[in-house]
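1. Fold the following and give me the result.
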Amino acid sequence: MDKACIYLGGKKIALYKKALLALQNSRIKAQKIKREKYVERVNKNLFLGKKIIGTNFSKKEYMLIGASLYWAEGFKKDNRLGFANSDPYMIKLFLFWLENMYEATHFCTFWVVG
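-> This next block holds a predicted model:
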């Protein structure tokens, strides 16, 4: 059988490739379980947040939400308005705010920079 090496605590340990593959599969399985628990926790918190706060906001509440997002994550440069955030829900909410509060679709172009 072929051998492969791993490093554990700075020491080189020889393993058979079959054992190394089993370790890799275990790591992948553990990562998948961790991800599933994370997604479950996020969905639970999202549900609880919607239950506590609700989803039907007044125009004044949307104005405050959008202004807060802009204040925290927004910027202006060279006559451009920007919003820097990696959470797609935050970006969607910010765009919703621009489109509905300022009817920004008539004079703005939206794009995502990765």
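2. Give me the phi and psi angles of the spatially most central residue of the chain.
-> The centre of the chain sits closest to Asp87, judged by CA atoms, centre = their mean, with a distance of 4.1 Å. Main-chain torsions, Asp87, degrees, to the nearest 10: phi -80, psi 120.
3. Could you measure from it over to Lys50?
-> Going from Asp87 to Lys50 by CB to CB, to the nearest Å gives 16 Å. For every residue, glycine as well, the C-beta is placed using N, CA and C.
4. next one: Glu40
-> Between Glu40 and Lys50 the distance is 16 Å, computed by CB to CB.
5. before we move on, what about Glu61?
-> The value you get for Glu61 to Lys50, if CB to CB is used, is 14 Å.
6. And the strands in the chain?
-> Remark: strands assigned in the chain by DSSP state E are 3-8, 11-16, 74-77, 80-83.
7. Would you tell me which helix is longest in this protein?
-> Identified as the longest helix of the chain according to DSSP state H is helix 17-53.
8. what helices or strands is that helix leaning on?
-> strand 3-8 (3 or more CB pairs under 8 Å, 6 or more residues apart in numbering; DSSP states H and E).
9. Please point out which parts of stretch 19-34 sit buried.
-> Buried residues in stretch 19-34, counted by 16 or more other CB atoms under 10 Å: Leu20.
10. Pull the distance from that stretch to the chain's centre.
-> Relative to the chain's own centre, stretch 19-34 is displaced by 24 Å; criterion: CA atoms, centre = their mean, to the nearest Å.
11. What's the mean pLDDT across that stretch?
-> Averaging pLDDT along stretch 19-34 yields 88.
12. Can I get it in PDB, CA atoms only?
-> Listed next in PDB are the C-alpha coordinates belonging to stretch 19-34 (Å, rounded to 0.1, in the frame of the first residue of the first chain):
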ATOM      1  CA  ALA A  19      -6.400   6.300   6.400                       C
ATOM      2  CA  LEU A  20      -5.600   9.700   5.100                       C
ATOM      3  CA  LEU A  21      -8.700   9.600   2.900                       C
ATOM      4  CA  ALA A  22     -10.800   8.600   5.900                       C
ATOM      5  CA  LEU A  23      -9.400  11.600   7.900                       C
ATOM      6  CA  GLN A  24     -10.200  13.900   5.000                       C
ATOM      7  CA  ASN A  25     -13.800  12.500   4.700                       C
ATOM      8  CA  SER A  26     -14.300  13.000   8.500                       C
ATOM      9  CA  ARG A  27     -13.100  16.600   8.300                       C
ATOM     10  CA  ILE A  28     -15.500  17.200   5.400                       C
ATOM     11  CA  LYS A  29     -18.400  15.600   7.200                       C
ATOM     12  CA  ALA A  30     -17.600  17.700  10.400                       C
ATOM     13  CA  GLN A  31     -17.600  20.900   8.300                       C
ATOM     14  CA  LYS A  32     -20.900  20.000   6.700                       C
ATOM     15  CA  ILE A  33     -22.500  19.300  10.100                       C
ATOM     16  CA  LYS A  34     -21.100  22.600  11.400                       C
END
